[in-house]
Every structure is written in C-alpha cells, then in structure tokens.
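Undergrad: Okay, here's the prediction I keep looking at, along with the sequence it came from:
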Amino acid sequence: AQRVTQPEKLLSVFKGAPVELKCNYSYSGSPELFWYVQYSRQRLQLLLRHISRESIKGFTADLNKGETSFHLKKPFAQEEDSAMYYCAPGNDMRFGAGTRLTVKP
Amino acid sequence: DTEVTQTPKHLVMGMTNKKSLKCEQHMGHRAMYWYKQKAKKPPELMFVYSYEKLSINESVPSRFSPECPNSSLLNLHLHALQPEDSALYLCASSQRGPGGGQPQHFGDGTRLSIL
C-alpha cells in the first residue's frame, strides 16, 4: 500500500515568513502525489500535483526521490494561507494526517 | 459543470431512522468515493466505486450501504446509525479509479448528526 506521513499536526508562522509543510511517502515505484487544501468553511480542493511542477497561490512542491519527500513550500506566507493541508498519494485514496497551518499577522 | 454536488447539506436523524445521502457529478468521472470526516481529523475513506462497481470497502459497518445507480450518481443509505457516526460525509470523484493517479474533486459534504 502507498502511504504518506505528515509529521507536523500544527504549524504556525508569521505573515511574510517562509513556510514548509512536510510530507514523506513510503512506497516503491513511481509515486504520484498531491497536496490538497481545506480552508475554513470551504470544500477540500486540489492545490498541487507533483507531475505538473507548477506554482499555485505561490506554493510549490518538489518530489525528492532520494529523501522520499514531497514537501510544500511558500517563500512568503500570507494570512489567507491559514488552512488544513493534506498530502495524498495519487494511487491510493487515503490521506495523510494533515497539517493545520496558521499564519499570524 | 465541474462540481460535485451533495444533498442534503445537513441531516439530523434518530438512531432508528433510515435516510440517504446523495452525490452527483457530471464531469464524466468514472470513480466515486465516500469519506467520513470527524472534526479536526483527515477524511477517512469508506467506499470506492470504479466504473459503477464497488471496488473498495474499508470494513465499514453494514449500517452504511452504498449504491451507485449510474456513473453520475452515488448514494449512501443509512440505517440504525449510532451517535459516533455523527460526522461530515464527503463525496468525491475522479476521472479514473484508484491506481489511475488522477486528482479527486470533492463536494461540500453532508453534516450528519445522530440523536
């Protein structure tokens, strides 16, 4: 089975600071990984997928096969980034535990 | 239409009632999912339908009964639920099923309360 681990349940940063949300995966073969975001009172939605290699809302995520990681990064956090973030393997529909990001003013 | 629509938004029911949750998508997706989400927890996978056939049942109690009448509709029939079943029930769809590597589109969920 394909599994992901998000080691931090809570992450708090100040506005304008860099932020990194960690995700490690544990399966062999070619991984397919996603980041989803759930803002307060909004539906769970896709933020990034690793094969697209794009930046959404200033966030990027790079697949590191050597470290089996897919960390989500943003150089300058904004208050509106406060939300729950879930890492998920694309070949398995079971989510990581999630990280609640709070960006303080 | 790029949305997954769930009805009702809220449902309060007694432990002896029978009710159904409904989910609909018109994106031509061939996989549909039910998740249960408790407060401050990640969504927990319950069922997966792939090409209208049940492909995954995560050992869900039989008081939850899924149904996929066609490729656009997914139901979750509820009977004799327990108070611990109170949660947000999310429906999702994806272009292909598990193993297909496609992202999921989620509905807003049905907030279920069992009295």
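TA: Noted; the coordinates are in hand.

Undergrad: Which secondary structure elements does the host helix or strand of A:Arg100 sit against?
TA: According to DSSP states H and E, A:Arg100 maps onto strand A:99-104. Strand A:99-104 is packed against strand A:10-14, strand A:19-21, strand A:83-89, with contacts defined by 3 or more CB pairs under 8 Å, 6 or more residues apart in numbering or on different chains; DSSP states H and E. From N, CA and C alone the C-beta is placed, and that goes for glycine too.

Undergrad: Any chance of CSV for those strands, columns distance to chain B, mean pLDDT and mean neighbour count?
TA: Formatted as CSV, the helices and strands packed on strand A:99-104 follow (distance: least, CB to the nearest CB, whole Å; pLDDT from 0 to 100; neighbours: other CB atoms under 10 Å in any protein chain shown):
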stretch, distance to chain B, mean pLDDT, mean neighbour count
strand A:10-14, 10, 97, 13
strand A:19-21, 14, 97, 20
strand A:83-89, 6, 94, 23
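
Undergrad: Relative to the helix or strand of chain B with the lowest mean pLDDT, what are the paired strands and their orientations?
TA: Ranked by mean pLDDT, DSSP states H and E, the weakest helix or strand in chain B is strand B:53-57, scoring a mean of 92. If you go by DSSP bridges, strand B:53-57 pairs up with strand B:44-50 (antiparallel).

Undergrad: And the partner strand, how far out from the chain middle?
TA: Put simply, strand B:44-50 sits 7 Å off its chain's centre (CA atoms, centre = their mean, to the nearest Å).

Undergrad: What average pLDDT does that strand get?
TA: Averaged across strand B:44-50, the pLDDT comes to 94.

Undergrad: Over to stretch A:62-73?
TA: Computed over stretch A:62-73, the average pLDDT equals 90.

Undergrad: Stretch B:93-105 too?
TA: Stretch B:93-105 comes out with an average pLDDT of 84.

Undergrad: Dig out what the spatially most central residue of chain B forms beta bridges with.
TA: Nearest residue to the geometric centre of chain B (CA atoms, centre = their mean): B:Trp34, 2.8 Å. Assessed by DSSP bridges, B:Trp34 has beta-bridge partners B:Phe47, B:Cys91.

Undergrad: looking at it, it is touching B:Pro66, isn't it?
TA: Yes: using CB atoms under 8 Å, B:Trp34 is in contact with B:Pro66, at 6.1 Å.

Undergrad: overlap in contacts of these two?
TA: Residues touching both B:Trp34 and B:Pro66 (CB atoms under 8 Å, 6 or more residues apart in numbering or on different chains): B:46-47, B:74, B:76.

Undergrad: Low-confidence stretches in chain A?
TA: Along chain A, segments meeting pLDDT under 70 span A:1, A:28.

Undergrad: So which residues on it come close to chain B?
TA: Contacts of chain A with chain B, taken as CB under 8 Å from any CB of the partner chain, map to A:32, A:34, A:36, A:43-46, A:49, A:86, A:90-98, A:100.

Undergrad: Now go through those and say which are in strands.
TA: A:34, A:36, A:45-46, A:49, A:86, A:100 (DSSP state E).

Undergrad: Identify, from the residues you listed, the entry nearest to chain B.
TA: Distance to chain B across these (CB to the nearest CB) is lowest for A:Leu46, with 4.5 Å.

Undergrad: tell me which parts of chain B are close to chain A?
TA: Checking chain B against chain A by CB under 8 Å from any CB, the hits are B:33, B:40-43, B:45, B:48, B:56, B:90, B:92, B:98-109.

Undergrad: from memory A:Ala83 sits against A:Val37, does it?
TA: Yes: A:Ala83 is within contact range of A:Val37, at 5.1 Å (criterion: CB under 8 Å).
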